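Novice: the following block contains a protein sequence and its predicted model.
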Amino acid sequence: MLNSPSKRRHDSADDSNEPNEQQPDSSSQQSRETIASRLRTAREIAGLTQGQIAKLLGVHRPTITEIEAGRRRVAAEELQAFARHYRTSIAWLSGEEAAIADPTDQRIRLAARELSKLSDDDLERLLRVLATIRTRSEPDR
Amino acid sequence: MYWRPFVLAVSPIASAIRQVRSAMNRTALALQAAKAALRLRQELQIPSTAPLAVYDVAKRLAIDVWFVDITTLEGTYLPGPPATILVTSHRPAGRQTMTCAHEIGHHVFGHGSHIDEMMAGDKVQSTTVEEFLANTFAVNFLMTRGVVAQGFLSRGISATSPRPDQVYAVANWLGVGYTTLLYHMRSALKTMPRLWADRLLKIAPRDIRVEIAETHGLGDVTGDIIVVDENWHGRPIDGQVGDVLLLPDGSKFQDKCGQVEGRGLSLTCPGLGRVENADLGWAQFVRVSRRGYCGLADYRHLEEVEDD
């Protein structure tokens, strides 16, 4: 499942579930920050507070705060659980997919004519939401 | 130059034929949509005389419903998988219900991706065959002839000459807007005389709410007022923080998502509760979401966690 290059790099940096005390290399740090940022975005789109997702996952709220701040690495099983609760994919959470959906993407299949009905701000919001939630059924790479 | 008088003579006839054909097509399409709505109710074992909780229906159909902070969007349907419906968080609850039912219509008819932009007022606007089908499906799914009749009959209200607050109460029970119900009864079901319906349509729901609040001493209500009585069966009572439920006299509510004062139950935080009235032998579940909730419909009633 979780065999993307970025994820492998991430795993090799720290094999424990505890906060990483070692100085991470820059790509590992970048990957962690991307995951942290995506987790926060996905949680907000799903309508959950940090406390609510912590309760759903059976962890303490500060754990979520640490993860979303990029100060704690996320284990593979945790990422899978986040993806399930947020109705998104591990690939999107890992930053392997664009943060904003491509309106010409075949999976979205939204006619340009219809998209043009929305204001620019709303169109961007819509594409961001779609990027997050539309990839759930894709196989994890 | 002989063609000019010919066209002039034929044109009105051709136009009339086109109009008749169009009307026939619309009637056939309306019948198709109404049948599909009833068929889905049967499949889900929801009686045609019962109201329905549209987001629960979507869940049973394995459709993910999301409320999104997008003002110029009414709703979106994406076939998936997973089939997905987006509903704007910027509309009243009744309108959101109608939008979700409309998008379920697209799902039932196997339509492709759709964006339904914000529509002015509650009038049904159908610009394409697909939109017409989805709209007609939605109104027939939520407001079958049977459930509308039941709404008035069980409350002992005349369906032909009701008062505005009575229509408002039935609309609350059905989960639709006041004007939506009136349009449906006047134009589709034809159970309310046009003159009476038009008179009621001139009264704004906001004025009805003000009058209810004054009559029952509910004070300043920031959200909606939902009229609940002992005939509220068939679906839970869904509200948002800031809404006030007008309950039957002597009702009790002991859960933390609401507070009773007189006949008013103020919804104070997200969560689930149960209102009961021992004298009437009646009880119903109450589900409260954040005001203007954005997120997955499944999570809308989750309680806030203490240390948030």
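Specialist: In hand now; what should we look at?

Novice: how about residue B:46, phi and psi?
Specialist: In this entry, residue B:46 is assigned phi and psi values of phi -100, psi 110 (degrees, to the nearest 10).

Novice: thought residue B:52 was touching it, still the case?
Specialist: Yes - taking CB atoms under 8 Å as the contact criterion, residue B:46 and residue B:52 are neighbours in contact, 5.3 Å apart. For the C-beta atoms, the positions are set from N, CA and C on the backbone; glycine is no exception.

Novice: neighbours of the residue in chain A positioned nearest to chain B, how many?
Specialist: Among all residues of chain A, residue A:47 sits closest to chain B, at 1.3 Å; criterion: CB to the nearest CB. Per other CB atoms under 10 Å in any protein chain shown, the neighbour tally for residue A:47 reads 23.

Novice: quick check, it in contact with residue B:293.
Specialist: Yes - with contact defined as CB under 8 Å, residue A:47 and residue B:293 form a contacting pair (6.2 Å).

Novice: return every residue with contacts to both of those two.
Specialist: The contact sets of residue A:47 and residue B:293 overlap at B:67, B:300 (CB atoms under 8 Å, 6 or more residues apart in numbering or on different chains).

Novice: what sits against the nearest residue to residue A:98 once chain neighbours are set aside?
Specialist: For residue A:98, the nearest residue in space outside its immediate sequence neighbours is residue A:131; the separation is 6.2 Å by CB to CB, 6 or more residues apart in numbering or on different chains. Taking CB under 8 Å, 6+ apart as the definition of contact, the neighbours of residue A:131 are A:92, A:97, A:98, A:99, A:100, A:101.

Novice: could you do residue B:255 as well?
Specialist: Residues B:271, B:272, B:273, B:274, B:286 are the ones in contact with residue B:255 under the rule CB under 8 Å, 6+ apart.

Novice: mind checking the SS state of the fourth one?
Specialist: Assigned state for residue B:274: strand (three-state reduction, DSSP: H, G, I helix; E, B strand; the rest coil).

Novice: and it, how far from residue B:239?
Specialist: 14 Å (CB to CB, to the nearest Å).

Novice: kindly report the same for the first one.
Specialist: Here residue B:271 is placed at a distance of 11 Å from residue B:239 (CB to CB).

Novice: overlap in contacts of these two?
Specialist: Counting by CB under 8 Å, 6+ apart, the shared contacts of residue B:271 and residue B:239 are residue B:288.

Novice: the more surrounded of the two?
Specialist: For residue B:271 versus residue B:239, the count of surrounding residues by other CB under 10 Å is larger for residue B:239: 26 against 19.

Novice: what residues are up against that one?
Specialist: Taking CB under 8 Å, 6+ apart, we find residue B:239 in contact with B:93, B:223, B:224, B:226, B:245, B:267, B:286, B:287, B:288, B:289.

Novice: now the third one. Nearest residue, chain neighbours left out?
Specialist: Leaving aside its chain neighbours, residue B:224 sits nearest to residue B:243 (4.6 Å; criterion: CB to CB, 6+ apart).

Novice: wouldn't that neighbour be in contact with residue B:267 here?
Specialist: Yes - because the distance of 4.9 Å satisfies CB under 8 Å, residue B:243 is recorded as touching residue B:267.

Novice: joint contacts of these two?
Specialist: Common neighbours of residue B:243 and residue B:267 are listed as B:223, B:288 (criterion: CB under 8 Å, 6+ apart).

Novice: these two - which one has more neighbours?
Specialist: In terms of neighbours (other CB under 10 Å), residue B:267 is the more surrounded of residue B:243 and residue B:267; the figures are 28 against 22.

Novice: wait, what's in contact with the more buried one?
Specialist: Residues in contact with residue B:267 (CB under 8 Å, 6+ apart) are B:223, B:239, B:240, B:241, B:242, B:243, B:244, B:245, B:257, B:258, B:286, B:288.
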